[in-house]
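[1] Got a predicted model here, sequence first, then my questions.
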Amino acid sequence: MAGVASAADRPLKIITGADALGASLKDAMVSHLRSLGIDVDDTGVSSYYSAGAEVGRRVSASSSSEIRGLVCCGTGVGVAMFANKFPGVYAATCHTVDDAVNARSISNCNVLALSGTKTSPETAVEIFDAWVKTPFKSPCPASGSEPWSSEISSFLDNSLSEMLQIGKSTAESTTKQIDQKSASCAICCLAKNREFAPIEIMPGGSMKIVRETPTSAIVRFKAGSVEPAHHHTFGHDLVVLKGKKSVWNLSKKERADLVDGDYLFTPAGDVHRVKYHEDTEFFITWDGHWDIFFDEELESAKKAIEEEATKS
């Protein structure tokens, strides 16, 4: 077992979240964390992708080793995958104490993912306690409980900084070229040779990015498709090119029925749900990087729309 860290070395805050299958375990862990005097920011219960993404986003934005995350879903895998979409987040699914110690020692894991269906609260407490007490690069089961050699220790240090650079060189090069061209030509930052790609988390939808900085896209949805209630960290403008859709702004309790040529702006953070009555295509533009946080499941969204249709 790795050496025990002092209380001062422990994270000052743990951000937690879970889906329905991980909710009971998350609640048990929140009680345990608070009993240790750890500050807990509980984001509650949502879908596994929203829970993972929200905790990942907050840990990423903190830029502090004193803030870590704990996420739970049925397997512990989905929440980890979505948390890892954010830079500086190293989420790992741990089923045993050894997993937790290895994850901290080798990867400086800062988001612990647990299985709500396979891990008991008692085992989860043991896993968390080992995880929170294990320093980066400490002896662990993977090292035979011996200190890492200087060569491997150097590799571990470099691996974290190298991971942060993945994808950056291409993106920065593209952005630099765009910025140089856009000063003289308004359309030089149009993306070339882009194809419509399915929106995996939105059945029936596909999107083609047509411009970078600011980002613009053409989006298509098939008739009958539904976007569950969700929100973004950016506001977005859209114009319907063809088709018919309804947008419920649940934050403002407003509904907009849009057809060809109609425009709609949705502010950052506003929770909105969408129904496509016909095959629909629209142009959308926003500032910043694309993100999405779901506030309900797809089936719940469909049920809510059907219930409103029945009442009207």
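    Arrived safely. Everything numeric in this text was worked out from a predicted model, so none of it was measured.

[2] Now do the same for residue 181: its pLDDT.
    At residue 181, the pLDDT value in this model is 45.

[3] what's the answer for residue 200, then?
    pLDDT at residue 200 comes out at 82.

[4] for residue 289, same thing?
    68.

[5] repeat for residue 261
    The predicted local confidence for residue 261 is 94.

[6] Name the nearest residue to it, sequence neighbours excluded.
    Excluding the flanking residues, the one nearest residue 261 by Cβ to Cβ, 6 or more residues apart in numbering is residue 240, at 6.5 Å. Every residue, glycine included, has its C-beta placed from N, CA and C.

[7] I figured the one you found hits residue 260, correct?
    Yes - using Cβ atoms under 8 Å, residue 240 is in contact with residue 260, at 5.8 Å.

[8] Out of these two, name the residue with the larger neighbour count.
    Set residue 240 next to residue 260 and count neighbours by other Cβ atoms under 10 Å: residue 240 wins out with 18 against 13.

[9] need the contact list for the more buried one.
    Residue 240 sits next to 258, 259, 260, 261, 262, 263, 280, 281, 282 when contact means Cβ atoms under 8 Å, 6 or more residues apart in numbering.

[10] Tell me the bridge partners for it.
    Beta bridges link residue 240 to residue 282 when assigned by DSSP bridges.

[11] how close does it sit to residue 277?
    According to Cβ to Cβ, to the nearest Å, residue 240 stands 11 Å off from residue 277.

[12] try residue 132
    In terms of Cβ to Cβ, residue 132 sits 51 Å off from residue 277.

[13] Who has more neighbours out of those two?
    residue 132 (21 against 15).

[14] And the helix or strand that one falls within, what does it pack against?
    For residue 132, the host element (DSSP states H and E) is helix 121-133. Contact here means 3 or more Cβ pairs under 8 Å, 6 or more residues apart in numbering; DSSP states H and E; on that basis helix 121-133 packs against helix 23-35, helix 97-107, strand 111-115.

[15] after that helix, next one along is what?
    Helix 121-133 is succeeded, C-terminally, by helix 150-165 (DSSP H and E).

[16] what angle do that following helix and helix 97-107 make?
    80 degrees (axes from the mean of the first three to the mean of the last three Cα atoms, to 10 degrees).

[17] What residues of helix 150-165 count as buried?
    Going by neighbour count (16 or more other Cβ atoms under 10 Å), the buried part of helix 150-165 is residue 156.

[18] Now tell me what touches that helix from outside.
    Contacts of helix 150-165 (Cβ under 8 Å, 6+ apart): 87, 88, 90, 106, 107, 108, 136, 137, 143, 148.

[19] since we're on the closest residue to residue 100 other than its chain neighbours, how many residues are nearby?
    In space, and not counting its chain neighbours, residue 100 is closest to residue 131: 3.8 Å by Cβ to Cβ, 6+ apart. For residue 131, the count of nearby residues is 23 (other Cβ under 10 Å).

[20] Was I right to think residue 131 contacts residue 103?
    Yes - using Cβ under 8 Å, residue 131 is in contact with residue 103, at 7.0 Å.

[21] okay, and the common contacts of the two?
    Contacts common to residue 131 and residue 103, judged by Cβ under 8 Å, 6+ apart, are 94, 109, 112.

[22] mind giving me the domain split of this protein?
    Following automatic domain parsing, one finds the domains of the chain at 7-163, 182-311.

[23] Check residue 160 and give its pLDDT.
    For residue 160, pLDDT reads 75.

[24] Next: residue 155.
    85.

[25] Report the buried residues of stretch 75-89.
    75, 76, 78, 79, 80, 81, 82, 83, 84, 86, 89.

[26] Show me which pair in these is furthest apart.
    75 and 86 (20.1 Å; Cβ to Cβ).

[27] Any stretches of the stretch 1-150 of the chain with poor pLDDT?
    1-11, 63 (pLDDT under 70).
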